[in-house]
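*Asks:* sequence-free structure coming up:
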């Protein structure tokens, strides 16, 4: 490992994000997800609510009212997401900040979905902005699916008031936390005959103000879960064609662009899947693959990325189903392997651009999962290894990639076994490969005392790890 180059990680043609925890499932730690899927995502989506003016707050409403008679997921006084424990009078010791730190340590950005009572004061919004300042390039989805009628904020305010609140929240949060980008998630062009987005009159200013446009699109969904079972003829589920879902999303982007005076903004799908309750497990996997194939075949450069909802689910909207006997255990679904293969295809992988040759020590900049400096170390393999590991003498927090598989090194870890990179993709002869090393913030937070600490963190690498490669068993068989 004599020659070392800098390498820049940039945007994918289509970013892939992953939902992790919601009203339908608990948060799963990033080590487990990385081992299962083999690569980090651009962003991990976390779902929380903020209703600090309610008497039940800050309890999770389904737990506070566990004996209440409800027949629909959103029949409680406020949304049944995990409570956002920051804000005015709160702190960043608990959720979602523990999860956010875990996400960022593992080389991913945070997408925070936050439903907020539209009656909160500016001071509440300023407090939220201050909470988010240390967490780098946060994506904030405020009061999503805002043209619907199921969330509590829609029951407390008119559509115009919800839209006006979005604009107010966007302005205040951006003013106090410029590192945050806002996502407007509303109904798109549901009726091709009108060509307009849902509630276009009310939300046009929000379309112009926001940083990112979004629609949530489930190609199949059982919204009656968990209070009924989807059966033929039922009225609490639906299914659309994959092609129609794609065309509707594209038409929505074009309409957003029209409202914005012809100027484009990033377009994402903040919740995407096909519900196995409706399709069954096999067709769920087929539909997800079909949609991604369309993105690649049509080279959909207007489409910035999607969030797969979600990793582990108590229903059938997850890569895993939560074991009903033990919530810490997930049962892999057929869509898992399909999704894993898709996100390792070039269209969905971050770009890697080789930079200048450097010598150590070197300071690496971590802007985020779409803007990070790393090290590229050439390695030669005589064949498929029997042993391949890195031994570190330092306490750095690192993300490592070789042969298409990513590994996490915590500050406490000293040895990282790279052999899993060769179990699914063994070498069939000699090969030259590149070990890539990136350094996201060890604490999960940026140092705001740095001049550009809102957007970047820095790590100095003093020395390289020692690499141990062996091509046979340590002791030969005596049989």
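*Replies:* Ah, there it is. Please read these numbers as outputs of a predicted model, since none were measured by experiment. Residues are numbered from 1 along each chain as shown.
*Asks:* ramachandran coordinates for residue 336?
*Replies:* Residue 336 adopts backbone torsions of phi -60, psi -50, taken as degrees, to the nearest 10.
*Asks:* hmm, residue 321 and it touching each other?
*Replies:* No: Residue 336 lies out of contact with residue 321 (Cβ atoms under 8 Å); the separation is 10.3 Å. (Glycine included, C-beta is placed from N, CA and C.)
*Asks:* relative to residue 148, how far out is the closest residue to residue 252 other than its chain neighbours?
*Replies:* Once flanking residues are discounted, residue 252 sits nearest to residue 188: 2.8 Å by Cβ to Cβ, 6 or more residues apart in numbering. Distance of residue 188 to residue 148, computed by Cβ to Cβ, to the nearest Å: 12 Å.
*Asks:* what about these two, which has more around it?
*Replies:* residue 188 (25 against 15; other Cβ atoms under 10 Å).
*Asks:* show the contacting residues for that one.
*Replies:* 197, 198, 215, 217, 248, 249, 251, 252, 255, 256 (Cβ atoms under 8 Å, 6 or more residues apart in numbering).
*Asks:* if you set the cut-off to 10 Å instead, what comes out?
*Replies:* Contact analysis of residue 188 by Cβ atoms under 10 Å, 6 or more residues apart in numbering lists 147, 196-198, 213-217, 248-256, 267, 269.
*Asks:* residue 473: how many residues sit nearby?
*Replies:* The burial count for residue 473: 9, using other Cβ under 10 Å.
*Asks:* hmm, I typed the wrong one, I wanted residue 423.
*Replies:* The local packing of residue 423 (other Cβ under 10 Å) involves 8 other residues.
*Asks:* surely it touches residue 405?
*Replies:* Yes: with contacts counted by Cβ atoms under 10 Å, residue 423 reaches residue 405, the gap being 8.9 Å.
*Asks:* how close does residue 317 get to residue 311?
*Replies:* 10 Å.
*Asks:* coming back round to it: which residues do residue 336 and residue 321 both contact?
*Replies:* residue 330.
*Asks:* quick one, what contacts residue 304?
*Replies:* 11-15, 42, 212-214, 253, 264-269.
*Asks:* which of the residues you listed sits closest to residue 156?
*Replies:* Using Cβ to Cβ, residue 214 comes nearest to residue 156 of the contacts of residue 304, at 22.2 Å.
*Asks:* element containing the closest one?
*Replies:* Under the criterion of DSSP states H and E, residue 214 resides in strand 212-222.
*Asks:* quick one: strands adjacent to the helix or strand just after that strand?
*Replies:* Sequence-wise, the next helix or strand downstream of strand 212-222 (DSSP H and E) is strand 237-239. Strand 237-239 has the following strand partners under DSSP bridges: strand 212-222 (antiparallel).
*Asks:* which parts of the stretch 101-250 of the chain are helices?
*Replies:* 122-132, 152-156, 159-176, 200-209, 242-259 (DSSP state H, counting those that start in this stretch).
*Asks:* show the pLDDT at the residue nearest to residue 252.
*Replies:* According to the prediction, residue 188 has pLDDT 94.
*Asks:* switch the helices of the stretch 101-250 of the chain over to JSON lines; also include mean pLDDT and mean neighbour count.
*Replies:* Below are the helices of the stretch 101-250 of the chain laid out as JSON lines (pLDDT from 0 to 100; neighbours: other Cβ atoms under 10 Å):
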{"stretch": "helix 122-132", "mean pLDDT": "98", "mean neighbour count": "19"}
{"stretch": "helix 152-156", "mean pLDDT": "97", "mean neighbour count": "19"}
{"stretch": "helix 159-176", "mean pLDDT": "98", "mean neighbour count": "19"}
{"stretch": "helix 200-209", "mean pLDDT": "98", "mean neighbour count": "18"}
{"stretch": "helix 242-259", "mean pLDDT": "97", "mean neighbour count": "19"}
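*Asks:* dump these to TSV, plus distance to residue 296.
*Replies:* Listed next are those as TSV, based on distance: least, Cβ to Cβ, whole Å:
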stretch	distance to residue 296
helix 122-132	34
helix 152-156	36
helix 159-176	33
helix 200-209	28
helix 242-259	12
